[in-house]
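Next input, structure requested:
(chains A, B and C)
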Amino acid sequence: MKSNAIKKFFSKTEGYILLIVIVYCIIVAAVNPNFMTPGNFLDLIRSSSWYWILGFGVLLVLLSGGIDVSYTAIAICSGYVSACVIQRTGIENLAFAFFIAILIGLWFGAINGFLIHYFRLPTLIATLGTKTIFIGIMAALVGVEAINTDHLPAVFKDFGLAKLFTVPTETGAEYGLSVFFIPLVILGILTWFILYRTQIGRSVVALGNSEVSAERAGYNLFKTRMFIYMYVGALAAVAGVIAISDVAWIAPLSSTMIRGTELTIIAALIIGGVKLTGGEGTVFASIIGLLLVRLFETTLIFLGLTSSWQNFFTGLVFVASLSVTSLQRARKRRRMLLFEE
Amino acid sequence: MKKGINSFGDRLLQSEDVNVLILTITFVAVLVVLSIVLGGTFLSAANFQSMGFQIPEFGLLSLAMSLCMLAGGIDLSIVGNANLSSVLAAYTLLALSENGGNPIIAIIVAIVVGLVVGVGCGLLNGLLIAKVSILPILATLSTMILYDGIAMALTDGKTVLGFPLEFSKMAIAKAGGIPGVFIVFVVVAIIISLVLTRTFFGKNIYLYGANKTVSLFSGIRVNSLILKTYAISGLFAGIAGLMLMARVNSAKVGYGDTYLLQTMLVSILGGVSPTGGKGKVLGVFLGILVLQMLQSGFTLLGVEPYFRNFIWGVVLIGVMIANFYIERSKKKIKRPKATAKEAQQPVA
Amino acid sequence: MYKSFGAVQALKNVSFEVAPAEIHCLVGENGSGKSTFVKTVAGVHPPDSGEIILNGNSYPKVNVREAIKEGIQVIYQDLSLFPSMTVAENIATNRMIAENRRFINWKEIREIAAKQLERIGVSLDLDEAVENLSVANRQLVAICRALSLDAKLIFMDEPTTALTKTEVDRLLNIVLDLKSKGISVVFISHKLDEVMEVADLVSIFRDGEKVGDFPSSEVNEKMLVYHMTGRKVEYPRYNRTYKDDTPVLEVKNLTSNGKYEDVSFTVRKGDILGLTGLLGAGRTELALTLFGLNPQDSGKIILEGKERKFTTPYQAIKSGISLVPENRQTQGCYMNKSITDNVAAPILDRMANGGGVLNVNKMKEHAEDTVKTLRVVTAGISTELQNLSGGNQQKVVLGKWIGTNPKVLILDSPTVGVDVGSKEEIYQHIQKFAAQGTAVILISDEIPEILANCNKLIVMKKGKVVGRLESDDLNVADVRDRIHALMDSN
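Purely as a prediction, here's the structure:
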């Protein structure tokens, strides 16, 4: 019975991606023993926390059968505006920083949800458009000047350095678990709770399964869509504040920190086992998919490669993994004589 | 069927030409407005020439995107492909011209390398889509990262430069005051337009884009069609990469990254249906001209780039909303709704 | 319960009533307004005028929630389930929505599902994803879902098309059981159906109007067709006159694992071979093998004396086999393309010169010819197919495939969703085409269609050939019963 459950788990995409993650870690550790230190793992959690948080939001969009590419812009805008507001008002309060950011995230998300529901716009194209609109709104309202570490409000910097616990190393330096872990865990559990324990969460999955069925079942899809995109917006805002706190500066137009990761995060989730066409996907799948990508981004150096190789490996894994799952799906469909898209 | 009730407006709404008409009017309007606002600076030969130099790269990438969208797909890898092609062409050029090699031969070989790489990358996309059955958006998303990654790994993120003088001369070559690259672009656009409207291959692309399953059942050789389509898309990306490399006289990963959004914008603006099967090269061409005129106008007016992007975003959403209303009014003038609905009930 | 309508468009002055604990049949052709009627009662479309009285409460129009509250449940033909969700969740979801729940209690969901399944006396794995169930079991899930909402009146849209005889019997038992519990069921159908045997009343719709209510004992096929179409329809009976008896296509021991096995038959010029059987009998699967879309595992396909193996439709068409596919909307034609494009699609290479340049005039001529020969009613050849009626769409599809000049023409359910008038015309075209020397294979589950057109018949069941009838057998008076018996045999 138990071995059956394990078998079932590893036959699922997230299962074998976990296997790849473990094998990859073993290889890296074998090449470079310095890799297997607690410090490295804690560091990986710190630097990846906002990826995962963004991933939780993206999970909802993908589950509903949509694609959002504007959420990174929301993260940058809300994080930056929040930093600006605190800088100008002098209210050095972390809760206030999050409050401002989330407020903006919710608004921008609402714009997405409204456009997508009311005008039936394809999600990809709608968010491709709103992405630039959000940056434009931000620029018009608060400007686009970079805030460097010296000028960044202390509340961000302190948040970025705060640790839940620290352990001294032999060399005298310290490593520890970043406080980012707290929002990460809370939002992970919250996302899980929404998806499996609330009606609105089930409506997201139902929408991704079949829009017609969801409508006939009596779900209010306007509510569902607004919820999805506002939730993504709010999570993006949290991720934005965390990312800014982590690197302790923000240049809203040129920063490559969050910008440009939107498609990578979507792809990572799909690698983890979330279905692009909607209806299937788990919180664990998004965590594991992003973990794999983050491992490539952070551990190539242990293999003696520069970070320039990161996209090469990420791309290779994407192509390989998608090939396996797509071929399986295609074979199954061919067997069942399904020809329609 | 209702007969004789359809007014001229309805018929216009039904036809695909409505988009081209709107775009032509927009084109003239933008031209007139910018001429009035900016006067001589906009209407100068220098400005038109500089537009002529800027259009081709972006224009070719847009044609590549449009072609894939017409076939019901998408190609997110065009910019990555263009970068990889230019980087490999750049290395070839350097290797052949460095130690006193004949620069002309070096340039020709480099161009061939760039084009072959472009086509090769396109073929890989096609293979992944046709043979491995990966959804176009996912396949090209992965290869976008992969092509970028290969170029990045090769260059380590550094700029490749030091090309022979002849190469940059080629980039600024003009014929009768018209930039050479622009002529190349126009020729390519005309050829692809003729191919799409007049040939067997072009008709198949439209049909495949309209409905993949029906195409399979109609005996269209869908796999080879996909391969060809993405190979052509790759070829255009390769040419664009070479032009970009010649214009800035160097090659580097990350050049042209902002183009991706704009190519999709122009395709949709030009009337290409995001679900495939409908659209015209002429529409896309007009869209490119409008976008470039606005782009130049904004530059002359000193408008910030992010604000330009903002306007593109607004235009994109605006066009999609307009399409939504056009589609809706189209449905209203169709036969009684109930029968249409009923006919759509699945059989099994 | 009483509902009345005075709506324009698809429904004209329809009055319809269902008593508690009544089994009612609603019959009409495609486009007769029966689906619109159901959607109006269920609150999906508002009526333009008229009133709906549910349990004595009068509504000018109802919305989905009100309809559900009054105990109206519709089981659409596509069942509207959520494929990747479990049986339990599919059953309980609608109730959770109706009760405005905010949170999900999985234990409760399982309890609701278990209770409803027990109520109809069926056991299914509650945690199985619905996509892994058979069509019949999915239907039961849909019924349980309706029951979980305390349905008083359940509409079922064409519930028996995908079921075997045993499954239909089980369904009818469940329906009779529901009736004994005071629940009314309305079946919607476009032909004489097994369910009419248990029905109390049969209402016939035509052109958005109700023709009348009839006790089910009075209903037979002839009067049903008469009332549905408003005229007597006698289909022309096909007789093979062709003299050349050399086989065009021979199929020997053809097997596709898990789909059909050991199928053999021969078709000659001028033959119309019928292929019938219930869904899952392997008819379509067999056709797809002949068309290069379902690889065979063993056996031979011999076309004009040469053994062939097709891996793509392109090869099949080039060798002279054409298929009018089962699903017109998704496989047969491009709904948003013109007639010209549609009929040219399979023969585009013939429309092009050596350099691949299309001859537009040739395409137009071909389209004009097709429209003329098949008598397609259209404003012109540039009309998009979505603007034609179902019957005319099907004529275009037929023309598209006749245009390939096939040696063997396979027609898979060619008159689904086609009105009776067009049906007659389509039969004439098929028969004319066969008389000119084409070998035709006609797949159909409508016995009258088979009897009118075929001079040979193969009956399949669960992938095996269970009966062969030659033209003499087909002329016997009780042939229908014999075919039914074969289809239901074990």
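
Mind telling me what element the closest residue to A:Gly240 other than its chain neighbours is part of?
Excluding the flanking residues, the one nearest A:Gly240 by Cβ to Cβ, 6 or more residues apart in numbering or on different chains is A:Gly79, at 2.8 Å. In this view, the C-beta of every residue, glycine as well, is placed from N, C-alpha and C. Here A:Gly79 sits within helix A:71-89, counting by DSSP states H and E.

cool, A:Ala110 as well?
Going by DSSP H and E, A:Ala110 is in helix A:94-118.

Just list what that helix packs against, helices and strands only.
Counting contacts by 3 or more Cβ pairs under 8 Å, 6 or more residues apart in numbering or on different chains; DSSP states H and E, helix A:94-118 is packed against helix A:71-89, helix A:123-142, helix A:154-161, helix A:221-247.

Provide a list of residues in contact with A:Glu14.
A:Gly272, A:Gly273, A:Thr282, A:Phe284, A:Ala285, A:Ile288, A:Gly289 (Cβ atoms under 8 Å, 6 or more residues apart in numbering or on different chains).

That one: which element?
helix A:13-31.

What residues of that helix count as buried?
For helix A:13-31, a neighbour-count test (16 or more other Cβ atoms under 10 Å in any protein chain shown) marks A:Thr13, A:Glu14, A:Gly15, A:Tyr16, A:Ile17, A:Leu18, A:Ile20, A:Val21, A:Tyr24, A:Cys25, A:Val28 as buried.

do stretch B:115-134 as well
Across stretch B:115-134, burial judged by 16+ other Cβ under 10 Å covers B:115-130, B:132-134.

Considering only those, which also neighbour chain A?
B:Leu128, B:Val132, B:Ser133, B:Ile134 (Cβ under 8 Å from any Cβ of the partner chain).

just to revisit the earlier point, for the helix holding A:Gly79, which positions count as buried?
By 16+ other Cβ under 10 Å, the buried positions in helix A:71-89 come out as A:71-86.

Kindly indicate which of those residues lies nearest B:Lys228.
Nearest to B:Lys228 among these is A:Thr72, at 34.6 Å by Cβ to Cβ.

can you pull out the helices in the stretch 51-200 of chain B?
Counting by DSSP state H, counting those that start in this stretch, the stretch 51-200 of chain B has helices at residues B:78-97, B:103-130, B:136-155, B:165-171, B:180-198, B:200-210.

Same list, the ones you listed, but as CSV with distance to chain C and mean pLDDT please.
Converted to CSV, those look like this (distance: least, Cβ to the nearest Cβ, whole Å; pLDDT from 0 to 100):
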stretch, distance to chain C, mean pLDDT
helix B:78-97, 25, 95
helix B:103-130, 12, 96
helix B:136-155, 19, 94
helix B:165-171, 31, 86
helix B:180-198, 5, 95
helix B:200-210, 4, 96
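
Using a markdown table, lay out the ones you listed together with distance to A:Gly218.
Below are those laid out as a markdown table (distance: least, Cβ to Cβ, whole Å):
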| stretch | distance to A:Gly218 |
| --- | --- |
| helix B:78-97 | 44 |
| helix B:103-130 | 38 |
| helix B:136-155 | 32 |
| helix B:165-171 | 62 |
| helix B:180-198 | 45 |
| helix B:200-210 | 34 |
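
of all the ones you listed, which lies closest to C:Asn257?
When the helices of the stretch 51-200 of chain B are compared by Cβ to Cβ, helix B:103-130 sits nearest C:Asn257, at 25.9 Å.

Show me what that closest one is packed up against.
helix A:310-335, helix B:78-97, helix B:136-155, helix B:165-171, helix B:222-248.

Setting aside sequence-adjacent positions, which residue approaches C:Val420 most closely?
Closest residue in space to C:Val420, ignoring its immediate chain neighbours: C:Thr229 at 4.3 Å, by Cβ to Cβ, 6+ apart.
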